[in-house]
Every structure is written in C-alpha cells, then in structure tokens.
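> model the following, please.
(4 chains)
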There are 2 protein chains.
Amino acid sequence: MAVTLKEVAELAGVSRSAVSRTFTDGASVSARTREKVEKAAKTLGYKPSLIARSLATNRTKLIGLVANNFQNPAFLDVFDLFTSELQKRELRPLLVNLSAETSPKKVVELLRQYSVDGVIVATSTLPTSFAIAFQTAGIPVIHTFGKFQANANVHVVGIDNDYCGAMAARTFSERGYRTVALLGGPETATSTQDRSAGFQRTAAELGLSVAKVCFAENYTYKAGRDAMRNVLENPDIEAVFCGDDLICMGAMDAARDAGRSIPEDIGFLGFNDIGMAGWDAYALTTIRQPIRDIIMSSVELVVGMVNNPDRSPEIRLFPCSVIERGSLRPLPETA
Amino acid sequence: MAVTLKEVAELAGVSRSAVSRTFTDGASVSARTREKVEKAAKTLGYKPSLIARSLATNRTKLIGLVANNFQNPAFLDVFDLFTSELQKRELRPLLVNLSAETSPKKVVELLRQYSVDGVIVATSTLPTSFAIAFQTAGIPVIHTFGKFQANANVHVVGIDNDYCGAMAARTFSERGYRTVALLGGPETATSTQDRSAGFQRTAAELGLSVAKVCFAENYTYKAGRDAMRNVLENPDIEAVFCGDDLICMGAMDAARDAGRSIPEDIGFLGFNDIGMAGWDAYALTTIRQPIRDIIMSSVELVVGMVNNPDRSPEIRLFPCSVIERGSLRPLPETA
DNA sequence: AAAAACTTTGCAACCGGTTGCAAAGAAATT
DNA sequence: AATTTCTTTGCAACCGGTTGCAAAGTTTTT
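Prediction:
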C-alpha cells in the first residue's frame, strides 16, 4: 500500500541508505543525490514511516499524557496547551484517561509498550509514587501539578500549594474577615492537603478562626454545592476558601439558595481562575494558577529529559496571584 | 535496555516464534510451551514492543483524534468518552490539536506517517473535504459531528442539524413566541448553516418572524455576549435560539446587563446541554445532543472500518431533545 | 501396529527504516 | 602527478517483532 524506501531508491537509482539519509537531518548526502531522491520521493508521494524509524532509532516522538480529571474545564486549557506545545516540537501526545484505566500499574506497562519517549502526569490527585513508577520503568517523567517536596526524586512542575493556602488566609485577613471556612477539593489530593495546611497554619498565625473545614468529593459544581451545606450550618462564617472554581460556583449557588448574598453576607475565594470565573453571574475572586507557564515548562523539561535522562530531579514552581472580582469584600482603604 | 523476545526465548529454551506465539492470541502453542514462556517472561519482566509489532502486523492500534475546539467545555465530555471508549478496546488516541497545526494537509501526512489505524475527526466546523482527505490517503475515517448529506462519501456520525433547527422553531412556536432571533455559532460551521436553514424554514412555515439573524465568532461566552448586542437593538425580539450553550450564556448575561429579565422579557434556547446549563445562575432550556451515543457509535464504526475498510459510507444520526429548564416561557396548558 | 489426520515447533524471510564501516570518489596539499 | 585528506556511497547488519511453510511430534482411526 504505502510507498517504501526501497521503491524510492529504485526510482532514483540509488541505494536505500541514500534515501534514508536524505530524510534524516544531519546525515551526509551530496546535493546531486538529494535532488534525485527528493524528486523520486515526490513523484511517488513517499514519507518515511515513523513506526519503522522508531524501531530503528529507539525514539518514538510520542509523549504520554496521563490525566484523570476530564470533568474540570480547567483541563481544556491544559489539553490545548499541551497538545500545541508538543506539536510545535514535532512530538505527539498519546492520551491516557486514567479514570477509565483499571490500575496505574497497567498504565505504566502500556506506555512502556508504546515506547513513549517521555510521560507527563498531569494531576494533583495522585501520589508521587505514581510518577515514580514511570521512572523506575526507565521512562522520563514529569509530574505536572504534582506535590512539591524538598527532597524530590522526580521532576515536579507546578505551584507551591502550601503557600497558596497561606495566601488565601492572608487575603481574608487583609479584608477584615475573622471567621472563615475551608471547602477543599477531594481530601486525598495532595494539592488539597498542602493548601489546607498552609491555610490553617497561616490563619492561626493571623488570628483567623477557621470554623469549618470540609471537602468536596470531586472537582464538580455539584460536589461544591453539596459540601456547602455543611458550611452553611454555621451562620458565623463570613468567607469560604474553595479548592477549585467549579466547586466554588456550586458553593455560591448553595449560599444564594439559602438566601445569603455575595459578598455582603458571605465571601468566596476560588482557585484556578477558569474562564467562567469571570462571568457576570459569579464574578469570582480567585487565585490564578499560571497554567500556560506550567505547561510550557513541563514540555520543555520532558524534552530535556529525553535528551539527557540523567538530569537530576528538578522542582519548578510558579507564582500564583489573587484575581480581584466581586466575591469578596474589597480591601480597606490604605490610609 | 528493554527485554526482548530473544532473551525470553533463550531463558525458556524455545524458539523466538514460540515466544511470539504465546503473546499473540489465536496462535497455536502447547500448554507446556506457553507455561515455560510465561514463566521466563515474568522473571524477565517482558512485554512485547508494540512498535515492533506494529511494523510487522501493519496495525498500530492508534486512532487519530482530530479536534479543533479546545475552548468549549462540551469537548471535555468528548475527550473523556473517546479516550475511555478507545481504551476499552485496547486502542490509543493520538490527539491532534488542529488549531495549532498549520495546514490540514499536514495533519493527514502526519497521521499517515504514524500509521494510525483510523481517524476520528470530531468537529462540526470543518468541511467534509477534510475528512475525505484521510480517505483518499487510505486511512479509515469517521467524521463525528460532521455534515449529514444524503449522498455521503464518508462516514458521518452526529445529528440532523437541519432538523434541530426546525425543532427550535417549533419549540418557540408552541410557547407562543412570535418574533424571534437566531444567534448562531461561527457562520462557516456546517452545523450552524444547517441549523440556521432548518430554523428559518420552519419558522416561516409556522408564521414566526425571524427578526434578526447573527452569528458569534466562536464558541465562547464572550463571543455570545458581543453578538447579543446586535439582537438587543431590536426590542421586539421575544426569544433567541443560540448555536451553543456557551454562546447562549454570554448572550443571557448581555441581556440581563441591558436590564431584560429571563424568561419574562426575553427567552433563550441553547444547544448542547453542557453541565453548566443546569446551574442555577442560568437554568438554561436547551437542546441536548446525545454525545455519549454519538461517540460510542463513532468508535464502534471506526473499529468496524479498520476490520473491513471497504464498508460503504454510512450516516448515523441520533435524536436530540429539548431539556426544559427556566430560560423559556412554559408550554401553555393543553386543555 | 500401521496409516491418516491433526498439533506444535523452528527456520527463515519479512515489516520499513537506520547506521557503522570500508571502499570509492572528489578536493586539497605537496 | 602523486599523496593526503575529506566527502559521499553502498553493503550488510540490526531494531523487535510476525508468520508461511515444512518437519517433527501427537493423537486418532482403521
């Protein structure tokens, strides 16, 4: 069916090596040969088979992209950026939907079987051990949105969740809130744990009372709405720090349903700054994660790993910032 | 680095063929040999290389998934369903982000070079010719969300957009609206064109006046909000049929901004039924596309094509339905 | 017990490329 | 013009599997 090296070589009247060399950059071919080959290739419509090349070179130009959160709109950006960044470098994403896959072990096996050049694990809900499994199997791996640990043994690109939690506490304190709540994402997510720790520690330092701590079951509107019922039990709570914008929007609607107005009766601080956070109906004040930077950096790093597998593990953290909209009281005038 | 057939064969004391056969189903191996091989494979941690297998069998088990709409939350479901459906059948999605790729021609080349077994083009904004290019290159292709044409020469799975447009007109008419508007998606999308045609034709038949027809530049909240300004110029318009929920939400906020209340002053009918359509802040009445059915069917069809490339082109259309929420006046009581 | 029918196995060629090596050819040096 | 140096080229082996074929081994039939 498809045109092969051999046919091109015959038509051009050269050896198969010559054809191969005109299609691999950096190989030595004379201008005359190259021309003959290119002409033959064009008339035959030849393009080298990447599968065959992969087998010979032991490089597939495939990057595994493992995700387990296909519900959150934040991931659309992630997919968009990842795929376009990879494409710019002539790499292809081999997408793995972890939620559907039985075991993490299988995923590792699978990507190994496809001989992907590297893997990007893009999730904050899996333990570091998952990413390490790839490393053990000899596959370069980046844990994007992963847990930041000082004694890292795997590349991590993301944010300092503990610091972001602290930032949330400070944001509340600056605006004069005294009694607040934490409505986190899934409790098992490392991002949730770290943010929660930073938030509670800093709240204590600043004399804020964290009157309620609860967690949404997943990163959805509904889970946020449901979990908010817990928070509403305590009428003293003046503001809620949510683990995700989607959860936050659900929580806001639950509050409104209960007749509380935002931000007068109760304030909300989200996380991620998804597109919808800017919509009039929510106008969510939220902590923005620099997704673009994180992803560009992850891709850069995975490419670096492929070229030099022995790089020692690196942590790359990017700063987050509060995006001011209308779901928290304003900062008091600074005299 | 990786363990190969040969090493397993040596350890097990059999030929390479024997090892290969224990790992390809349907091949004849005695129980004794299989056992020896499996034991050896386990101790060595052997898994067959899918790249090498692909080269030999001329099957990669890769399915190209081409999309060009990474902005719309509706596509999260699409990705989730596609990936999990493919995974169930031991196939892998090779994701192509068309927006970032220079030319469609290149995409075809690229997927051909990777020898994907089939391609699913999931977009309503590209012409049929794009899907046909794959077919011409000898790659089985399904145009999911594609344009339904009676004289098809490519597999199409989706909905009857013309009929959905008609359904929208009927929905308005039943509720007593007389003067309405169409706020479509991008004008170049075939889905927009077909829905628009069905809507306008049926509106005319039912005696509805379509007082304004305009189009959003893309499938975003902002584009909907901007385009709605046009519609608001005409104060007689009682209801708007939007080409997409996201566009519709933007349009609703523009209307509210202009002091119109929904559904009292103006009604909205969306399209797609994305998760957010059910949120309290919008409570959007919308036409639901059965995404799950469409995708399951697409995957099934692409698998079928791989096994039998000569199947003649098939059109598979699924029914849509109006999901009643709060953005249109209710149906009048039937006496 | 021999013949016939069926299974299992290894050999060797093949899938479509890449690449080290040595020979051939071209250019530069003396 | 002969020698040295550098470039280009083809040969052949290799990447890690699959598979048609014939020989060897089993089982069934007579």
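> for the residue sitting nearest the centre point of chain A, which non-adjacent residue is closest in space?
Central residue of chain A (C-alpha atoms, centre = their mean): residue A:122, 4.2 Å from the mean position. The spatial neighbour of residue A:122 that comes closest, neighbours along the chain excluded (C-beta to C-beta, 6 or more residues apart in numbering or on different chains), is residue A:144 at 4.5 Å. (C-beta placed from N, C-alpha, C; glycine too.)
> measure that neighbour to residue A:195 for me?
In this structure, residue A:144 lies at 17 Å from residue A:195, with C-beta to C-beta, to the nearest Å as the measure.
> what does residue A:272 give?
Using C-beta to C-beta, residue A:272 is found at 12 Å from residue A:195.
> quick one: which of those two has more around it?
Legend: neighbour count by other C-beta atoms under 10 Å in any protein chain shown for residue A:272 and residue A:195, higher for residue A:195 (29 against 26).
> report all helices and strands that whatever helix or strand that one lives in contacts.
Element membership for residue A:195 (DSSP states H and E) is helix A:190-205. Secondary-structure packing of helix A:190-205 (3 or more C-beta pairs under 8 Å, 6 or more residues apart in numbering or on different chains; DSSP states H and E): helix A:161-174, strand A:179-184, strand A:209-215.
> quick one, which of the ones you listed is nearest to DNA strand D?
Closest of those to DNA strand D is helix A:161-174, at 40.4 Å (criterion: C-beta to the nearest atom of the strand).
> how far off centre is that closest one?
On the basis of C-alpha atoms, centre = their mean, to the nearest Å, the separation between the geometric centre of helix A:161-174 and that of its chain is 22 Å.
> what are the buried residues along it?
Using 16 or more other C-beta atoms under 10 Å in any protein chain shown as the burial criterion, the residues of helix A:161-174 that qualify are A:161-173.
> mind exporting the C-alpha coordinates of that helix to CSV?
Backbone C-alpha positions of helix A:161-174 (Å, rounded to 0.1, in the frame of the first residue of the first chain) are rendered in CSV as follows:
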residue,chain,number,x,y,z
ASN,A,161,0.1,24.8,47.3
ASP,A,162,1.0,25.4,50.9
TYR,A,163,2.0,28.9,50.0
CYS,A,164,-1.3,29.4,48.1
GLY,A,165,-3.2,28.3,51.1
ALA,A,166,-1.3,30.9,53.2
MET,A,167,-2.1,33.5,50.5
ALA,A,168,-5.8,32.7,50.9
ALA,A,169,-5.6,33.2,54.6
ARG,A,170,-3.8,36.5,54.2
THR,A,171,-6.3,37.6,51.6
PHE,A,172,-9.1,37.0,54.1
SER,A,173,-7.3,38.7,56.9
GLU,A,174,-6.5,41.8,54.9
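> which elements pack onto it?
Taking 3+ C-beta pairs under 8 Å, 6+ apart as the contact definition, the neighbouring helices and strands of helix A:161-174 are helix A:190-205, strand A:239-242, strand A:267-272, strand A:286-288.
> so for residue B:129, which of the ones you listed sits nearest?
strand A:267-272 (38.6 Å; C-beta to C-beta).
> does the closest one reach chain B?
No. Counting by C-beta under 8 Å from any C-beta of the partner chain, no contacts exist between strand A:267-272 and chain B, the nearest distance being 13.4 Å.
> who does that strand pair up with?
Strands adjacent to strand A:267-272 in the sheet, as given by DSSP bridges, are strand A:239-242 (parallel), strand A:286-288 (parallel).
> tell me the mean pLDDT for the first one?
Same thing as strand A:239-242. In this model, strand A:239-242 has a mean pLDDT of 98.
> now do stretch A:61-69: everything it contacts.
A:50, A:54, A:75, A:78-79, A:82, A:86, A:90-99, A:107, A:111, A:114-123, A:125-126, A:139, A:219, A:299, A:302, B:94-95 (C-beta atoms under 8 Å, 6 or more residues apart in numbering or on different chains).
> residue A:257: neighbour count?
13.
> near DNA strand D, which residues of chain A? Just list them.
Selection of chain A residues close to DNA strand D by C-beta under 7 Å from any atom of the strand yields A:14-18, A:21, A:28-30, A:32-33, A:52, A:55-56, A:58.
> report the two of those separated the most.
With distances taken as C-beta to C-beta, the most widely separated pair in those is A:32 and A:58, at 31.4 Å.
> neighbour count: these two, which is higher?
With other C-beta under 10 Å as the criterion, residue A:32 and residue A:58 differ in neighbour count, and residue A:58 comes out ahead with 12 against 9.
> hang on, the earlier thing: got a ChimeraX select line for the buried ones in the residues of chain A next to DNA strand D?
Buried residues within the residues of chain A next to DNA strand D, by 16+ other C-beta under 10 Å, are selected in ChimeraX with:
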select /A:14,18,21,29,33,52,55
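> intersect the residues of chain A next to DNA strand D with the contacts of chain B.
When contact is defined as C-beta under 8 Å from any C-beta, those meet chain B at A:52, A:55.
> which of the residues of chain A next to DNA strand D fall in helices?
With helices identified by DSSP state H, the entries of the residues of chain A next to DNA strand D that belong to them are A:16-18, A:21, A:32-33, A:52, A:55-56.
> just the pLDDT at the residue nearest to the centre of chain A, thanks.
At residue A:122 the predicted local distance difference test score is 96.
> what of residue A:128?
Per-residue pLDDT puts residue A:128 at 89.
> got CSV for the helices and strands packed on helix A:161-174, with distance to residue A:183 too?
Putting these into CSV (distance: least, C-beta to C-beta, whole Å) gives the following:
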stretch, distance to residue A:183
helix A:190-205, 10
strand A:239-242, 5
strand A:267-272, 9
strand A:286-288, 13
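> out of the ones you listed, which is the most enclosed?
The highest average neighbour count among the helices and strands packed on helix A:161-174, using mean count of other C-beta atoms under 10 Å in any protein chain shown, belongs to strand A:239-242 at a mean of 29.
> next secondary structure after it?
From strand A:239-242, the next helix or strand downstream (DSSP H and E) is helix A:245-257.
> against which helices or strands is that next one packed?
On the basis of 3+ C-beta pairs under 8 Å, 6+ apart, helix A:245-257 makes packing contacts with strand A:179-184, helix A:221-232, strand A:239-242, strand A:267-272.
> go through the buried residues of helix A:161-174 and name the one nearest DNA strand C.
Of all the buried residues of helix A:161-174, residue A:161 has the smallest distance to DNA strand C: 42.2 Å, by C-beta to the nearest atom of the strand.
> surely the closest one and residue A:189 touch.
No. Taking contact to mean C-beta atoms under 8 Å, the distance of 9.4 Å between residue A:161 and residue A:189 leaves them out of contact.
> what do those two both touch?
residue A:124.
> look up phi and psi at the residue of the stretch 101-250 of chain A found nearest DNA strand C.
Nearest residue of the stretch 101-250 of chain A to DNA strand C: residue A:115, at 12.8 Å (C-beta to the nearest atom of the strand). With angles defined as degrees, to the nearest 10, residue A:115 sits at phi 50, psi 40.
> residues in contact with it?
When the contact criterion is C-beta under 8 Å, 6+ apart, the partners of residue A:115 are A:54, A:58, A:60, A:62, B:2, B:49-51.
> what of residue A:214?
Shown here is residue A:214, whose contacts under the criterion C-beta under 8 Å, 6+ apart are A:181-184, A:227, A:230-231.
> top of the residues you listed by neighbour count?
For those, neighbours were counted using other C-beta under 10 Å, and residue A:183 has the most, 26 neighbours in all.
> that one and residue A:228 touch, don't they?
Yes. Under the contact definition of C-beta under 8 Å, residue A:183 touches residue A:228, with a separation of 6.6 Å.
> need the overlap of contacts for those two.
In the contact map built from C-beta under 8 Å, 6+ apart, the residues linked to both residue A:183 and residue A:228 are A:240, A:251.
> for whatever residue of the stretch 101-250 of chain A ends up closest to chain B, give me its contacts.
With C-beta to the nearest C-beta as the measure, residue A:113 is the residue of the stretch 101-250 of chain A nearest to chain B, at 4.6 Å. With contacts defined as C-beta under 8 Å, 6+ apart, the neighbours of residue A:113 are B:47-50.
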